[in-house]
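Visitor: Build me a model from this:
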Amino acid sequence: MTDRNAQPGGGEMLRRNLGILYQEDSDRGLEHPFFVLILNAFIKEAKARNYDVTLIHHPLEGTEESLADHARRSGTDGICLVCTDFGHPRISELMASGLPCVTVDHLFKGTPAVLSDNETGIRRLVEYAISRGHRRIAFVHGHNNSLVTRTRISQFRNTMEFHHLPVPEEYIREGKYHDIGGTRNRVAELLRLPEPPTFILLPDDMSYIGAQEAARDCGFRIPQDISFAGYDGIPLTQALVPRLTTIRQNCDKMGRVAAERLIDLIEHPDTAYRKPTIYPVELLEGETVAGLRDGDGSD
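Guide: Next comes the predicted model:
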């Protein structure tokens, strides 16, 4: 087997290669407004360290070749799992293969991970709404099969319970991340309840576009009649009117550190840092959360 790091004839060392496994269900691909920020930072850091980057398009179904074998055959030295079905047996097989891997927004034992502090992010949004006088608070969350979603739902319930506020089951609706049409439908359902919420926490910033449409169709003004908050802090939705209240994640730092951790695994497998790295988030106070008068929005 040829050593790709050898320098035949004294020539320049061949560049090594990092793979990015990015398979998400919104069909937005590299137009995905949140993950593209992480990917860009990852690629910049990899190139600065003399690594090439390849997107891995390996189907989880319909092939006998494992992800690890596919990666090795294509000359990939390690993989960053940015967005995929982390619960799929193929992914578990990859984690056990010995190929260096790093995950973004998911935890596998013994595998370096880069995450945002989702617990603090949700708590700060809910407590911000409470501080503005809201008591009827609903949550449209992303698909329920991810660590991020489970963490956010749990923290939402815990924060509401801590403040002795009820959470009617109809106030929690499952949707998908970055699904504008789906969020529009879920928000419309909430606004048509006999006692609708005064504040709705959305799964992400892009969903705000669907929420705006639902509010308009139901005759609700933002924020006078219904308040919203998003999650991610992407620049696009900060340009919408009214400007969205949201949590900003440090995408640049997450992408750069994911590349650093993966390269360290490849080059120093015995001493590489393998614990999760969790980054703080920032509350962006926009214009979509009304301050309620005493008695408004209460039980």
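
Visitor: From now on I want contacts and neighbour counts done on CA atoms only, so please keep to that.
Guide: Will do.

Visitor: which residue ranges form the strands in the stretch 101-250 of the chain?
Guide: Here the stretch 101-250 of the chain has its strands, by DSSP state E, counting those that start in this stretch, at 101-104, 113-116, 137-141, 172-174, 199-201, 227-229, 246-248.

Visitor: where does the closest residue to Ser207 other than its chain neighbours land on pLDDT?
Guide: In space, Ser207 comes closest to Ile180 once its chain neighbours are excluded; the distance is 4.9 Å by CA to CA, 6 or more residues apart in numbering. At Ile180, the pLDDT value in this model is 93.

Visitor: count of neighbours near Ile180?
Guide: The number of residues packed near Ile180 is 20, by other CA atoms under 10 Å.

Visitor: In contact with the residue nearest the centre of the chain: list those residues for me.
Guide: With distances taken as CA atoms, centre = their mean, Asp105 lies nearest the centre of the chain, 6.4 Å away. Shown in contact with Asp105 (CA atoms under 8 Å, 6 or more residues apart in numbering): Val82, Ala113, Val114, Leu115, Ser116, Leu147, Val148.

Visitor: Can you select the buried ones among the residues you listed for me in ChimeraX?
Guide: A single ChimeraX command is used to select the members of those judged buried by 16 or more other CA atoms under 10 Å:
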select :82,113,114,115,116,148
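
Visitor: TSV please, covering the contacts of Asp105 and showing distance to Leu191 and pLDDT.
Guide: Listed next are the contacts of Asp105 as TSV, based on distance: CA to CA, whole Å; pLDDT from 0 to 100:
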residue	distance to Leu191	pLDDT
Val82	34	87
Ala113	38	95
Val114	36	95
Leu115	33	94
Ser116	30	93
Leu147	28	85
Val148	26	89
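
Visitor: coming back round to it: measure the residue nearest to Ser207 to Glu267 for me?
Guide: In this view, Ile180 and Glu267 are 42 Å apart by CA to CA, to the nearest Å.

Visitor: now the helices for the stretch 101-250 of the chain?
Guide: Listed in chain order, the helices found in the stretch 101-250 of the chain under DSSP state H, counting those that start in this stretch are 118-131, 147-162, 180-191, 207-217, 235-238.

Visitor: End to end on stretch 20-37, go ahead and measure it.
Guide: OK, stretch 20-37 end separation, CA to CA: 14 Å.

Visitor: typed the wrong thing, it's stretch 129-137
Guide: 8 Å.

Visitor: now swap in stretch 102-109 and tell me
Guide: End-to-end for stretch 102-109, by CA to CA: 11 Å.

Visitor: Around Arg216, count how many other residues there are.
Guide: 13.

Visitor: Next one: it relative to Asp270, how far apart?
Guide: Distance from Arg216 to Asp270, by CA to CA: 57 Å.

Visitor: So which bits of stretch 148-168 are buried?
Guide: Neighbour counts over stretch 148-168 (16+ other CA under 10 Å) mark Val148, Thr149, Arg152, Ile153, Gln155, Phe156, Arg157, Thr159, Met160, Leu165, Val167 as buried.

Visitor: same check, this time on stretch 261-272
Guide: Residues Arg261, Leu262, Ile263, Asp264, Leu265, Ile266 are the ones in stretch 261-272 that count as buried (16+ other CA under 10 Å).

Visitor: Give me the mean pLDDT for it.
Guide: pLDDT averaged over stretch 261-272 gives 96.

Visitor: what distance separates the start and the end of it?
Guide: End-to-end for stretch 261-272, by CA to CA: 7 Å.

Visitor: so Val187 sits right up against Ala211, yeah?
Guide: Yes. Contact criterion CA atoms under 8 Å: Val187 and Ala211 qualify, at 6.0 Å.

Visitor: who's more crowded, those two?
Guide: Set Val187 next to Ala211 and count neighbours by other CA under 10 Å: Val187 wins out with 30 against 25.

Visitor: how about the nearest residue to Thr245, chain neighbours excluded?
Guide: Residue nearest to Thr245 in three dimensions, not counting chain neighbours: Gly286, with 4.0 Å by CA to CA, 6+ apart.

Visitor: Tell me which residues touch that neighbour, please.
Guide: Gly286 is in contact with Pro242, Arg243, Leu244, Thr245, Thr246, counting by CA under 8 Å, 6+ apart.

Visitor: tell me the contacts of Glu260?
Guide: Glu45, Ala46.

Visitor: For it, what are phi and psi?
Guide: phi -60, psi -50 (degrees, to the nearest 10).

Visitor: For Phe139, the count of nearby residues, please.
Guide: Number of residues near Phe139 (other CA under 10 Å) recorded here: 28.

Visitor: Hmm, it is touching Gly175, no?
Guide: No. Judged on CA under 8 Å, Phe139 makes no contact with Gly175 at a distance of 10.0 Å.
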